[in-house]
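**Q** return atomic coordinates for the entry below.
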Amino acid sequence: MKTKQPQAQRALLRQRSLCLMLAAVMTAGSLPLPVLAASAGSPASAATATPGLPAPVPVAGDPYVFTFKQLGRNGSMNLHGVDATDSLNFDVPVSLVTTGAHVTLYYTYSPALLPDLSQINVMVNDVVAGSIPLPKEGSGSMQTAKVDIPPKLITEFNRLSLQFIGHYTMGCEDPLHSSLWARVANGSTLDLQTTPLPQKDDLAQMPLPFFDRRDIRMLSLPFVFAGNPDNGTLEAAGTLSSWFGALAAYRGARFPVQINALPPRGNAVVMVAGEAPTSVAGLEVAAPKGPTLTVLPNPNDANGKLLVVSGRNVGELRQAAAALALGSKGLSGSSAVIDKLQPLAPRQPYDAPNWLPTDRAVKLSELIDPKRLNVSGYNPGEITIPLNFPPALSNWRQDGAKLKLVYRYTPQPKSTNSSFLVSFNDGLIKSDILLPKDKLDKSLLASIKDEALTREMDLRLPLNLAGPQSRLQLRYMYDFVKQGECQDIIIDNVRGSIDPDSTIDLRGYDHFMAMPNLGVFKDAGFPFTRMADLSESAVVLPDNASTDDLAAYLTLLGRFGSATGYPATGVVVTQAAQVDKVASRDLLVLASGQNQPLLKQWADHLPAAVTGDKQRFDVGDFALRVRSWLKLADDDQAKRRARLALAFTGGEPTSYLTGFESPLDSGRSVVVLAGGDATGLDQILAAMASKDPEAETIQGSLVAVRGTTIDPLLAEEQYFTGSMSPLRMLRWWLSRHVLAMFVLIAGGILMLGGLAYLTLRAKARKRLNA
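**A** Have a look, this model is predicted:
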C-alpha cells in the first residue's frame, strides 16, 4: 500500500526543490563560464544497474550533532547586562528534513542574580523554544540543561540565539553591573534528528547532492575507477577533486579511492574511459557517445547518488570533467553529452579567484556581504573581513598594503571612551576616537546626515603579518555614560557602518620569495598554485600507486582548489620514468615507503632518507648562523643552513615533507611528500589540515611527521622565486652582500675622485697654455 505523504512535507519538498535550483545557479555562477553545448540523454544511455542486484535499503540520516565550537564559536558565549543576546548560525542539508532537535548547554551564571527575575531563553529564528531558570543553588558552578526544539521552528538556514535576562535587585539597578553575567561553554551541543529526503537525478542541481553548502561536516566523496587508472583519467579526476575542494574550502574535503567497488552508502564519483561498455562493481556503463555526465542512484543506498563521468578516451573524460568543474549552467536531466566546450583564455600568474588582485584596488563589498558591514549596539562585536593575500608578495622595504577606510557612526551626546578599532590578524593597527556631539566643531556637526557622521581613515596593513588566510577586524566600542541612580536605561540607538566602497590596494608590489617554504605550501599550495589551473605543475606519482596514494593525490588537489577557488584543469600526472618530459614544471612528488624511484635518483638533493629501519634527517643549528647575528638577513624569518645530519636505526618509519630547487630546471621547485609506510601520506595530509597550533610549525624546508607529532627540522633557503624591478633587485642584492656594497661604494668614490682629478688637471693645463 502506498503511504500518502503529509501535506506539510510535500510543501517542504517543493520549497527545497526551488532552493536547490537557486543554489545550483549561484554555485555555477561563481566561476568563469566556458561556452558549452550539451545534449540530454536518458539514464539508460549512460549507466544502469545490473538486473538481479538486491533492492537498495533506505538508510536513516546520519547523526547531526555539533558543538558550538564546530558551529564557529571559538570561545565561550559571554552574556552581560540586564538583556544580552548572542547567536550562531546552523543550516540543515537539503537532503535531510528535521524530525526532532535539542540543545544541551553547559553554562555558569552569577551568584548575585535574582532567581525569580533571571533566565536564559533559547531561541531559534527569533522564536523562544524554551527558558532555563537560574536558581540560587546552582550559581557559580557549571550547570547542564537540555532544551527541546520544536522541529517546525527549523528551516534550511537557521539562527540559534541565547538571550540572558538578569537582575540583581528589586530596586533601581545599573543595567551593565558587573554582577549581571552568564557564560555558555563552546562545548555545548546542538543535536538534530533527521530523515533523508529523496533527491532527483538531475544535473541541473549540481553540485548537489555531492556537495551541499549547508553542510558543515568535512566533505568525504569517494572516487571509483573500473580498474587501475591511467594518468589521463587521474588528471580528469584531479580536475573534479580540486573543484569540490574549492566548494568545500570552509570545511575541508577528502577523496577516498576505490577500484571496481561502489561505496556501501552515500555518494561517489565514477570515472570511466573507453569506447566499449564497462561494468563497475555491477554497474553497467553503456558505451559513451562523447564526453558524458550522468547522475543515477547508488545501487547500494537508496539515498545515495553516483556521478558517472565517462568518455570514449581520456581526452573526452577530461573534457567532461572540465565542463562540469567550470560551472556550466546548461546542464540538465539525468544525463548529458557535451557536444562542444570552448576553452577559456589562459590563466595568468597569481590570478586565482580566491586571492586579492594586485592590478587594481578591491572594494570591501567584493570580500564580504555588505549587510555584514553594519552593526548596532554599544558593544556589537567585530566585523571580520577575510583577506586572502596572494603568496610570495615581497614586503622588502615597503610600507604595507594601502587601506582606504570610510566609516560612519552615531555621535553620542556625551562620551569619553567611544572608539573605532582597526586590527589585522589580531594585531591593533589604529584606533580612532568616536567624538561625541559636544566635542564636534560646527563643520562636523553640519556634516551629520541621518544621525550619522562619516569619517575617513588611510592606513597601511603590514605585509609581514599577511598570509593566505588573513583577517581585517573592525570594531565599534561605544561608551555607556551613566546618568545616575534610577536613570540608567540602555537605549539601543547607536549604529556603525563601514562604507562598502572602502578599498584595499596591492598595486606596485612584487612577487618574490625565498624558497623552499613549506609554510606557504601548507597554507596556499604555493608554488603550484601560482597558476590557478596548475598549468605549470606536474604530480609525480609512485610506481604502482596504491589506492591510498591516489586518495592522497586527489585530496592534495582538493586543498589546492580550496586555496585558489579554481579547478586544476591544467595539471599533469606522470611517473619517475617520464619526469624529464615535465622538467619545465614545478614538481609535486608523492611516495609511500620505497615505491618512488626519485627518492634514490635525487638522494643528493634530499635532506632526509628513510630506508627500512634506517633513517637520516638533516637538522638545523640556529646558534651557528652568524649571518643573522649581524642582521644581514632580509627579514626576521631568515632560514638557517643545516650544520648537523642525524642518522638512526629502528623505530617506526618517519614520514616527511621537504622542498628544494628542481634538479631539472633552476628556478623551478620540487616538494616531496614521503610517507614512511602505507599510512604515512595520510598522516602528512592530516597534519596539514589540522587546526591545532602545532600545525603552524610546518615551516622551512624539512618537516618530519610521526603520527600526530610534527617536528620542523630544517629551515634552509636555497633559491628564490619570482622577480622584482631591476632597481629594487639591485638594492635588495646589495643589502644581502654588504662587502660587495662597500666595494661598489669605494669603487664609485674612487671613480668620481679620478674623474674630478682628471677634470681639474685638464683645466690647469688649459690655464698654463693660455
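**Q** so how far is the longest helix belonging to the chain off the chain centroid?
**A** If you go by DSSP state H, the chain has its longest helix at helix 738-769. Chain-centre distance of helix 738-769: 59 Å, with CA atoms, centre = their mean, to the nearest Å.
**Q** C-terminal to the longest strand along the chain, what's the next element?
**A** If you go by DSSP state E, the chain has its longest strand at strand 96-109. Going down the chain from strand 96-109, the next helix or strand is strand 119-124, by DSSP states H and E.
**Q** what packs against that following strand?
**A** strand 96-109, strand 127-133, strand 143-149, strand 157-165 (3 or more CB pairs under 8 Å, 6 or more residues apart in numbering; DSSP states H and E). Quick note: C-beta positions are derived from backbone N, CA and C, even for glycine.
**Q** tell me which of these lies nearest to residue 503.
**A** strand 157-165 (30.3 Å; CB to CB).
**Q** mind listing residues that contact that closest one?
**A** Around strand 157-165, the neighbours that count as contacts under CB atoms under 8 Å, 6 or more residues apart in numbering are 71, 77, 79-92, 103, 105, 117-126, 182, 184, 190, 214.
**Q** which of the residues you listed count as buried?
**A** Among the contacts of strand 157-165, those scoring as buried are 71, 77, 79-82, 84-86, 88, 90-92, 103, 105, 118-124, 182, 184, 190, 214 (criterion: 16 or more other CB atoms under 10 Å).
**Q** quick one: the residue nearest to the spatial centre of the chain from residue 172, how far?
**A** Nearest residue to the geometric centre of the chain (CA atoms, centre = their mean): residue 249, 4.6 Å. Distance, residue 249 to residue 172, by CB to CB, to the nearest Å: 52 Å.
**Q** try residue 568
**A** Counting by CB to CB, the gap from residue 568 to residue 172 is 66 Å.
**Q** before we move on, what about residue 344?
**A** 68 Å.
**Q** go on, residue 122?
**A** Residue 122 is 29 Å from residue 172, by CB to CB.
**Q** any idea how far apart the tips of stretch 111-125 sit?
**A** For stretch 111-125, the first-to-last residue distance is 30 Å (CA to CA, to the nearest Å).
**Q** now stretch 523-540
**A** 21 Å.
**Q** average pLDDT for it?
**A** Mean pLDDT, stretch 523-540: 96.
**Q** buried ones in that stretch, by neighbour count?
**A** Result for stretch 523-540 [16+ other CB under 10 Å]: buried residues 523-534, 536-540.
**Q** so which of these belong to strands?
**A** Using DSSP E, the buried residues of stretch 523-540 in strands are 537-540.
**Q** redo the residues you listed as JSON lines? Include distance to residue 547.
**A** Below are those laid out as JSON lines (distance: CB to CB, whole Å):
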{"residue": "537", "distance to residue 547": "23"}
{"residue": "538", "distance to residue 547": "21"}
{"residue": "539", "distance to residue 547": "16"}
{"residue": "540", "distance to residue 547": "18"}
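**Q** which of these lies closest to residue 276?
**A** residue 539 (28.5 Å).
**Q** look up how far residue 717 lies from the nearest residue to residue 464 once chain neighbours are set aside.
**A** Using CB to CB, 6 or more residues apart in numbering and skipping the chain neighbours, the partner closest in space to residue 464 is residue 395 (5.3 Å). Residue 395 sits 16 Å away from residue 717, going by CB to CB.
**Q** now do residue 364
**A** In terms of CB to CB, residue 364 sits 35 Å off from residue 717.
**Q** higher neighbour count, these two?
**A** residue 364 (25 against 19; other CB atoms under 10 Å).
**Q** which residues touch the more buried one?
**A** 373, 385, 498-504.
**Q** ok, 6 Å please
**A** 500, 502 (CB atoms under 6 Å, 6 or more residues apart in numbering).
**Q** packing partners for whichever strand or helix holds residue 241?
**A** Following DSSP H and E, one finds residue 241 within helix 231-247. In this structure, helix 231-247 packs against strand 268-273, helix 314-325, helix 547-564, strand 572-574, with contacts taken as 3 or more CB pairs under 6 Å, 6 or more residues apart in numbering; DSSP states H and E.
**Q** so which of those is nearest residue 391?
**A** Judging those by CB to CB, what sits closest to residue 391 is helix 547-564, at 8.9 Å.
**Q** and that closest one, C-alpha only, in CSV?
**A** Taking Å, rounded to 0.1, in the frame of the first residue of the first chain, the C-alpha atoms of helix 547-564 are listed here in CSV:
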residue,chain,number,x,y,z
THR,A,547,44.5,3.5,-3.6
ASP,A,548,45.9,5.4,-0.6
ASP,A,549,48.4,7.1,-2.8
LEU,A,550,45.7,8.1,-5.3
ALA,A,551,43.5,9.3,-2.5
ALA,A,552,46.4,11.5,-1.2
TYR,A,553,46.8,12.9,-4.7
LEU,A,554,43.1,13.8,-5.1
THR,A,555,43.0,15.2,-1.6
LEU,A,556,46.0,17.4,-2.2
LEU,A,557,44.4,18.8,-5.4
GLY,A,558,41.3,19.4,-3.3
ARG,A,559,43.5,21.5,-1.0
PHE,A,560,44.9,23.4,-3.9
GLY,A,561,41.4,24.1,-5.2
SER,A,562,40.3,25.4,-1.8
ALA,A,563,43.3,27.8,-1.8
THR,A,564,42.7,29.1,-5.3
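**Q** now it: average pLDDT?
**A** For helix 547-564, the mean per-residue pLDDT is 97.
**Q** now the strands for the stretch 201-350 of the chain?
**A** Counting by DSSP state E, counting those that start in this stretch, the stretch 201-350 of the chain has strands at residues 219-220, 223-225, 253-254, 257-259, 268-273, 278-280, 283-285, 292-298, 301-311, 335-342.
**Q** CSV for those, including mean pLDDT and distance to residue 208?
**A** Compiled in CSV, the strands of the stretch 201-350 of the chain are given as follows (pLDDT from 0 to 100; distance: least, CB to CB, whole Å):
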stretch, mean pLDDT, distance to residue 208
strand 219-220, 95, 12
strand 223-225, 97, 18
strand 253-254, 96, 15
strand 257-259, 96, 22
strand 268-273, 96, 14
strand 278-280, 88, 23
strand 283-285, 89, 21
strand 292-298, 95, 10
strand 301-311, 94, 9
strand 335-342, 87, 16
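**Q** can I get these in TSV including distance to residue 677 and mean neighbour count?
**A** Listed next are these as TSV, based on distance: least, CB to CB, whole Å; neighbours: other CB atoms under 10 Å:
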stretch	distance to residue 677	mean neighbour count
strand 219-220	23	16
strand 223-225	23	24
strand 253-254	19	23
strand 257-259	18	19
strand 268-273	27	24
strand 278-280	29	18
strand 283-285	33	20
strand 292-298	32	25
strand 301-311	32	24
strand 335-342	41	19
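**Q** would CSV of these with distance to residue 194 be doable?
**A** Listed next are the strands of the stretch 201-350 of the chain as CSV, based on distance: least, CB to CB, whole Å:
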stretch, distance to residue 194
strand 219-220, 18
strand 223-225, 26
strand 253-254, 22
strand 257-259, 26
strand 268-273, 21
strand 278-280, 30
strand 283-285, 28
strand 292-298, 19
strand 301-311, 11
strand 335-342, 29
